[in-house]
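>>> Below is the sequence, then the predicted model.
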Amino acid sequence: MSKLRSTLGVVAIAFITLTAVSCNDNKKEQNKADGDHSEMSVDGDHSEMNHDNSDGHHDVDKNAMAINDSQDSKAEVILKDYFNLKNALVGDDNAKAKDLGMALTKSLKSFDVSSHSNTEQTELKDIIVDATEHAEHISESDIAHQREHFKILSKDITDMVAITGTNKKLYEQFCPMYDGGSVWLSMEKDIKNPYYGSQMLNCGKLQREIN
Amino acid sequence: MKIFKVIAWIALIAFVGIQFFPTDRNESDLIPQTDFMLVNQVPTSIQNQLKESCYDCHSNNTKYPWYNKIQPAAWYLEDHVKEGKSELNFNEWDSLSRRRKASKLRSIIKQVESDEMPLSSYTLIHSDAVLSKAQQTEIIEYMRQLKGEAN
């Protein structure tokens, strides 16, 4: 009889382990569902169809398009995705930052380095591999993690621009408070902090102008 | 009581059954030249702790005490080793560029600092892998120092 009891014990342990293991993998899915609210609510506001300027809707759609058309293999596309991502973090929008992390992963992967010299190619490939990994992490984590990865991503993108150049005017901005001092790039001179978002939107200063 | 017994027997049979499913063991005697411990001057205490707490999932050689050989523990490890190694493999440390090393060091510091590594589902059965606050600090300080050199 005591043998039966110890077998029962083993079985119980086995069950517990099995459940523990199967619980473990659910984490990742849970955040996917909440991707698109922000667009929805805009539609809601316009529901009384009395005004004839329904153009408000189209602006929203255009923005979404601009974010998605990352077929091009130029550094400009990477920059555009990076800035969209930065703006999502400024807006504390975890779900949007995930989508944009994905978009950035794609544009990084399709980046063509062949027009550069050999040494530049080596450097660029290194940057791209590193940046891709951070973009991937951003596409699947909570906002605190996204910001951690955004910090290193920003360094990668800055180094990339130093090699590729850009036709845009960029501002390198610096927040002394986040993680011992952190840099990001922006297209606007005004400070909007992607590391703190609404919590400390204006923390930071202009450090350098590029172009 | 009877139904309980039936369930127990089914579970037992299932438990025995899954032992016959093959798993890929992550085992290798070779320590490559690129190993973290070979290319850095790592203090012995930190070496031991990293090997105990991280190497099972982040190197080419997992230790397999008895409980790691039985299912479902072996499956659990197989999955995590695959995922863990793709993120970070201490055995292949020196094959990373300077940029990648700095990036990984940062990530290690963050993971240890926030108690995310070693995975809590792992320390549940492998209590030696738990890092005390003092050990965490020791590792973090060391990694910071390395990161300073890499930049």
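Sure thing, it's come through.
>>> Please make it C-alpha for all contacts and neighbour counts, starting now.
OK.
>>> low pLDDT regions in chain B?
By pLDDT under 70, the low-scoring segments of chain B are B:22, B:150-151.
>>> Report the closest residue of it relative to chain A.
Across chain B, the shortest distance to chain A (C-alpha to the nearest C-alpha) belongs to B:Leu12, at 5.6 Å.
>>> Please tell me how far that residue sits from B:Phe21.
15 Å (C-alpha to C-alpha, to the nearest Å).
>>> neighbour-wise, which of those two wins?
A count of neighbours by other C-alpha atoms under 10 Å in any protein chain shown puts B:Leu12 above the other of B:Leu12 and B:Phe21, at 18 against 8.
>>> now for the helix or strand where that one lies, which elements pack on it?
Assigned by DSSP states H and E, B:Leu12 belongs to helix B:2-18. On a contact count with 3 or more C-alpha pairs under 8 Å, 6 or more residues apart in numbering or on different chains; DSSP states H and E, helix B:2-18 meets helix A:2-24.
>>> And the strands in chain A?
A:170-175, A:182-186, A:205-210 (DSSP state E).
>>> what angle separates the shortest one from strand A:170-175?
Which is strand A:182-186. Calculated by axes from the mean of the first three to the mean of the last three C-alpha atoms, to 10 degrees, strand A:182-186 forms an angle of 150 degrees with strand A:170-175.
>>> quick one: strand A:182-186 to strand A:205-210, angle?
Relative orientation of strand A:182-186 versus strand A:205-210 (the same axes, to 10 degrees): 50 degrees.
>>> got the CA coordinates for strand A:182-186 in CSV?
Extracted in CSV, the C-alpha atoms of strand A:182-186 (Å, rounded to 0.1, in the frame of the first residue of the first chain):
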residue,chain,number,x,y,z
SER,A,182,20.7,58.3,-22.7
VAL,A,183,20.7,59.6,-26.2
TRP,A,184,18.0,59.5,-28.9
LEU,A,185,17.5,61.0,-32.3
SER,A,186,14.6,63.2,-33.4
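>>> Report the buried residues of that strand.
A:182-186 (16 or more other C-alpha atoms under 10 Å in any protein chain shown).
>>> Can you tell me how far A:Val128 is from B:Thr34?
Not quite, residue A:128 is Ile, not Val. 22 Å.
>>> got it, and A:Met200?
From A:Met200 across to B:Thr34, the span is 43 Å (C-alpha to C-alpha).
>>> Helices of the chain, residue ranges please.
Since no chain was named, I'll use chain A. Applying DSSP state H to chain A gives helices spanning A:2-24, A:37-45, A:55-68, A:75-90, A:94-109, A:118-138, A:143-164.
>>> Hmm, no, I was thinking of chain B.
B:2-18, B:36-39, B:44-53, B:55-58, B:66-69, B:73-87, B:98-113, B:120-123, B:133-150.
>>> ok, the nearest residue to B:Asp94 once chain neighbours are set aside - contacts?
The shortest distance from B:Asp94 to any non-neighbouring residue, by C-alpha to C-alpha, 6 or more residues apart in numbering or on different chains, is to B:Thr34 (4.5 Å). Residues near B:Thr34 by C-alpha atoms under 8 Å, 6 or more residues apart in numbering or on different chains: B:91-95.
>>> From the residues you listed, keep the buried residues only.
B:91-94.
>>> which residues does A:Gly181 contact?
Neighbouring residues of A:Gly181 by C-alpha under 8 Å, 6+ apart: A:174-175.
>>> Repeat that for B:Ile70.
B:Ile70 makes contact with B:Gln19 under the criterion C-alpha under 8 Å, 6+ apart.
>>> List the backbone torsions phi and psi for it.
Here is the backbone geometry of B:Ile70 (degrees, to the nearest 10): phi -90, psi 150.
>>> distance of it from B:Gly17?
B:Ile70 is 11 Å from B:Gly17, by C-alpha to C-alpha.
>>> give me the number of residues near A:Glu136?
20.
>>> so what's the residue nearest to the spatial centre of chain B closest to, chain neighbours aside?
Centroid check for chain B by C-alpha atoms, centre = their mean gives B:Cys57 as the closest residue, at 2.9 Å. Closest residue to B:Cys57 apart from its sequence neighbours, by C-alpha to C-alpha, 6+ apart: B:Val81 at 4.3 Å.
>>> B:Gln33 now?
B:Gln33 sits nearest to B:Val39 (C-alpha to C-alpha, 6+ apart), 7.6 Å away.
>>> one step back: which of the helices of chain B sits most buried?
Most buried of the helices of chain B by mean neighbour count (mean count of other C-alpha atoms under 10 Å in any protein chain shown) is helix B:55-58; its value is a mean of 25.
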